[in-house]
Structure formats: C-alpha cells, structure tokens
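**Student:** here you go, sequence then predicted model.
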Amino acid sequence: MTSYLIQNVALLGGEPTDLLLADGVVKEIGTIAPADGLETIDATGLVALPGLVDLHTHLREPGREDAETVETGTRAAAMGGFTAVHAMANTEPVADTAGVVEQVWRLGREAGHCDVYPIGAVTVGLKGEQLAELGAMADSAARVRVFSDDGKCVSDAVLMRRALEYVKAFDGVIAQHAQEPRLTEGAQMNEGELSGRLGLAGWPAVAEEAIIARDCLLAAHVDSRLHVCHVSTAGSVEIVRDAKRKGWNVTAEACPHHLLLTDDLAATYDPIYKVNPPLRSQADVEALRAGLADGTIDIVATDHAPHPHEDKDCEWAAAAFGMLGLETALSIVQQTMVDPGLLDWAGVAERMSHAPARIGRVTDHGRPIEVGEPANVVLYDPSVRRTIEASESASLSRNTPYAGMELPGRVVATFLRGTATVLDGKLQ
Ligand SMILES: NC(=O)N[C@@H](CC(=O)O)C(=O)O
Ligand SMILES: [Zn+2]
Ligand SMILES: [Zn+2]
C-alpha cells in the first residue's frame, strides 16, 4: 500500500502543514521530512477536508443500470470528493428487504470507489401502505439506519408515526421527501406567476411546508428522529428553525441546485432544470443559504439523480425529475457559501462530512483529520475555475444542469482509507 506525504496543505483552510497517510490512517501531521518509499504530493494552495459523506444519492442499481450503477455512481462520488454515500431506496426492486439492501451494500464494497450505505424503504414498494421490514434491514449486514421512501412522500400520518416509533429501537432516522400528494398532483415546477405564464402545473411551497410541519410535530410527539430531505423553501427553513428552537430531534438537508439555481430557468422549457422539489425563487435561495450558514440546515446532500437521455430529452411535462450532483457539489458550495463569506472550510467539513455521517450513524467516516483516524481525505483546489462538460462526467448519465457553466474549484485527490481513489483529478 502506497504511503502519501502531502506537503503544504491547508488543513480545513488553515495554515499550511504536512500530512502523512500510511497504513490506512493519518499517521502524522506537522512538518514531515520526505523519505524513501513515500509518494510526495505538493499540495501548496490546496485545502484538505475530511472525505465527504452524501446522505442522499440515487445509484439506480438494481433495476435502472441504464441510468447509473453502483460502480459508475461511486466513481462520480469519488471524483466529487466523497468517500461515503447513502444510496436511496427507490430502485427496482425497491430496497425494502434485507436481501436488496445487502445486495447494494455488497456492490459498493466490490466497486471500492467509496463506501456505500444503503437506505431502506419506509413502506413496502414505496407504496405508502404498509411498513417495510425496517428491523430486518437494520439487523442485516448493511446495518441500515436511514429509512426513506424518497421520490414519494410517506403522506399517511399514522404510517409516518409508526415508522418514527419503530426506528427508535435501533437509533434509526426517517428521511422524509416532504410532498403533500394531493397538493402536487401533476405538478411540474414551482407554483408562482411564472408557472401560470408557462402553462405548467404549479408545485406550491405549502405542499412541502405542510408535511415538514406535521412531521416535526410527529417526531416530537413520539420523541424520535426526523431528517428532512431537500428543503427548498424559505418557509421550510423557518419551520425547521422553530423545531430546533424547541429542542426537537429534527435535521435537514439542502441540495446544491437549490442553493444556486432558480425557477426562472423553467422558462427555457429545458427539462434539465426539472427536479423534485422544484427550483424556487431567489428569496428561497437566500433563505436556504442563511439557514445553512446558521446551522438550521444541517447538511448539504446532493440528491444526485441520474436519468438516461430518453427520460430527459423530451418535452418538459414528460421528462423525469432529477439532476446529477456528486461531481459539482463542492464547487457549488464554494460558489454559494464559501466565496461570499457565509461558510469557512471548517463549516463545509461540518456540513458535508461530519454532520451527514452523524445523522446516518456512520462511525468510520466524517471523522476529524487527526493522527490515528482513518485516512479519508479530499484535497481541493479552490483557486482554479473550470467549465463543466457533461460528457466528462464519471456518471453513466449526462443530466447535469451545469453544462457550459464555469464553476470554481476542483477535487485534486480523494483518499479512501489511505488509498487514492482520485489523484491529479483523475480516477484511479
Ligand atoms: N429529486 C428528483 O427530482 N428525483 C429523484 C427522486 C427524489 O429525490 O425525490 C429521483 O429518484 O430521480
Ligand atoms: Zn425526494
Ligand atoms: Zn432523491
């Protein structure tokens, strides 16, 4: 196993120092002399962060291997600086049994680009009718702690209550896709003046906020853990802020695209901008950024949602919801949060590594870069700018809304337990 001497790196953006990664762990931090047998990396100008952890990735395997596989999705993750991803349950078959979650977990181990933590479905077949085998998934080799019907909302209040009660037994969490189904029938984009003008059915903020408010109350009532997926509105941020103020066990995520893009892009009628929940207004974007800065929103999660071109290259109403996110997440967080001074690099490490690992109850990722800790590290160059090319993605799909855009920063290297999964910006 190669040992790496990383010289002159800004640990969490601090003063330059050297890092020695050997035997899978951080061996030494400080001024370290080069030695035989050490692979030396000049990291002048680079920032070292703990390997990123995504709490919300769609890997599409099993069932939609034409969109993504565990192999290709974890390649994209490594390229984005991630050392662990949580794989959403809306596969075919749905990850609602110990058998399916163990299969995904095993595929992740075989791929080896980053660790894969399967998310279990809350209800059988994501149908919202009957609880899935949550306990069996928790006890399986995959040790599932996060449960979600993502793509669908657990809209039945009684089922949601039971799920919240059930996961307490193994310290699990319910990650809710907050979308009141009756209020969003046929919904295509953010409800507002523009949706009326474009003739696209509106997805109102209240459909998200009503479910989040209900679920916060339910989580408090049964004293369980709720995580809110892809918060997209200013009102949702307010509700989560209020729940936290009351001391309730509620965490929330924001996605890079909701931190950067707004609903006026729908005027292009290009379904590359079609996503669930939809892109919202500039005021919502500002509220999400403020919420992420003050800790109301705990984490950034990508909601990486690959789709093959036939599901995206069609008219808006017929197109699938979702966009790629793994390879561009850190750049967008730099652009929207770090460069404007809303977050420093330690804040980014908290929201993209430490906190997502804590929420997912993952113990060997999201740890501080300290001597003796697993060498899960990303080296990032915030000083370069790059133009995004869809064709260069490691994902099997091409549905990035950032194609042609210039974004700051580049992942130079990713280390998973001391092994480089990315080096010089290239997959290993
Ligand atoms: N976000 C999306 O627009 N799509 C996701 C489902 C989801 O996250 O709700 C997908 O699975 O494609
Ligand atoms: Zn969702
Ligand atoms: Zn999702």
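**Tutor:** Okay, I see it. Ligands and ions are numbered 1, 2, ... in the order given.

**Student:** so for Ala287, what's the pLDDT?
**Tutor:** Looking at Ala287, its pLDDT stands at 99.

**Student:** any idea what sits nearest it, other than its immediate chain neighbours?
**Tutor:** Ala234 (3.4 Å; C-beta to C-beta, 6 or more residues apart in numbering). C-beta here means a position set from N, CA and C on the backbone, and glycine is covered the same way.

**Student:** count of neighbours near the one you found?
**Tutor:** For Ala234, the count of nearby residues is 19 (other C-beta atoms under 10 Å).

**Student:** got the contact list for it?
**Tutor:** Shown in contact with Ala234 (C-beta atoms under 8 Å, 6 or more residues apart in numbering): 205, 283-284, 286-288.

**Student:** check it and give its pLDDT.
**Tutor:** Per-residue pLDDT puts Ala234 at 99.

**Student:** what about Arg351, neighbour count?
**Tutor:** Applying other C-beta under 10 Å, we find 24 residues neighbouring Arg351.

**Student:** ugh, typo on my part, it should be Lys168
**Tutor:** 13.

**Student:** okay, now the domains of this protein?
**Tutor:** The record, using automatic domain parsing to delimit domains, assigns the chain the ranges 3-47+372-427, 52-359.

**Student:** got these as TSV, with distance to Gly366 columns?
**Tutor:** Converted to TSV, the domains of the chain look like this (distance: least, C-beta to C-beta, whole Å):
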stretch	distance to Gly366
domain 3-47+372-427	8
domain 52-359	3
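
**Student:** deepest in the core, which of the ones you listed is it.
**Tutor:** domain 52-359 (a mean of 21; mean count of other C-beta atoms under 10 Å).

**Student:** I figured Val94 was touching Gly125, is that so?
**Tutor:** Yes - at 5.3 Å, Val94 and Gly125 qualify as touching, with contact defined as C-beta atoms under 8 Å.

**Student:** what lines up beside the strand or helix carrying Ala48 in the sheet?
**Tutor:** Per DSSP states H and E: Ala48 is located in strand 47-50. Applying DSSP bridges, strand 47-50 is found paired with strand 3-11 (parallel), strand 377-387 (antiparallel).

**Student:** of the ones you listed, which approaches His113 most closely?
**Tutor:** Among these, the nearest to His113 by C-beta to C-beta is strand 377-387 (13.2 Å).

**Student:** kindly export that closest one (C-alpha atoms) in PDB.
**Tutor:** Extracted in PDB, the C-alpha atoms of strand 377-387 (Å, rounded to 0.1, in the frame of the first residue of the first chain):
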ATOM      1  CA  VAL A 377      -9.300  12.900   3.000                       C
ATOM      2  CA  VAL A 378     -10.100  15.100   0.000                       C
ATOM      3  CA  LEU A 379      -7.600  17.600  -1.500                       C
ATOM      4  CA  TYR A 380      -9.400  20.500  -3.100                       C
ATOM      5  CA  ASP A 381      -8.100  23.400  -5.200                       C
ATOM      6  CA  PRO A 382     -10.400  26.400  -4.600                       C
ATOM      7  CA  SER A 383      -8.300  28.700  -6.800                       C
ATOM      8  CA  VAL A 384      -9.000  27.300 -10.300                       C
ATOM      9  CA  ARG A 385     -12.100  27.700 -12.400                       C
ATOM     10  CA  ARG A 386     -13.400  25.000 -14.700                       C
ATOM     11  CA  THR A 387     -16.100  24.800 -17.300                       C
END
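
**Student:** identify the residues contacting that strand?
**Tutor:** The contact list for strand 377-387 (C-beta under 8 Å, 6+ apart) reads 6, 9, 19, 21, 26, 41, 43, 45-52, 81, 83, 330-331, 334, 338, 369, 404-415.

**Student:** got a list of what the residue of the stretch 101-250 of the chain found nearest ligand 2 touches?
**Tutor:** Relative to ligand 2, the nearest point of the stretch 101-250 of the chain is His177 (3.6 Å; C-beta to the ion). Contact analysis of His177 by C-beta under 8 Å, 6+ apart lists 148-153, 229-230, 276.

**Student:** cool, and Ala254?
**Tutor:** Here Ala254 is in contact with 230-232, 288, 291-292, 297, 299-301 (C-beta under 8 Å, 6+ apart).

**Student:** point me to the residue of the stretch 301-428 of the chain nearest ligand 2.
**Tutor:** Closest point on the stretch 301-428 of the chain to ligand 2, by C-beta to the ion, is Asp303, at 6.5 Å.
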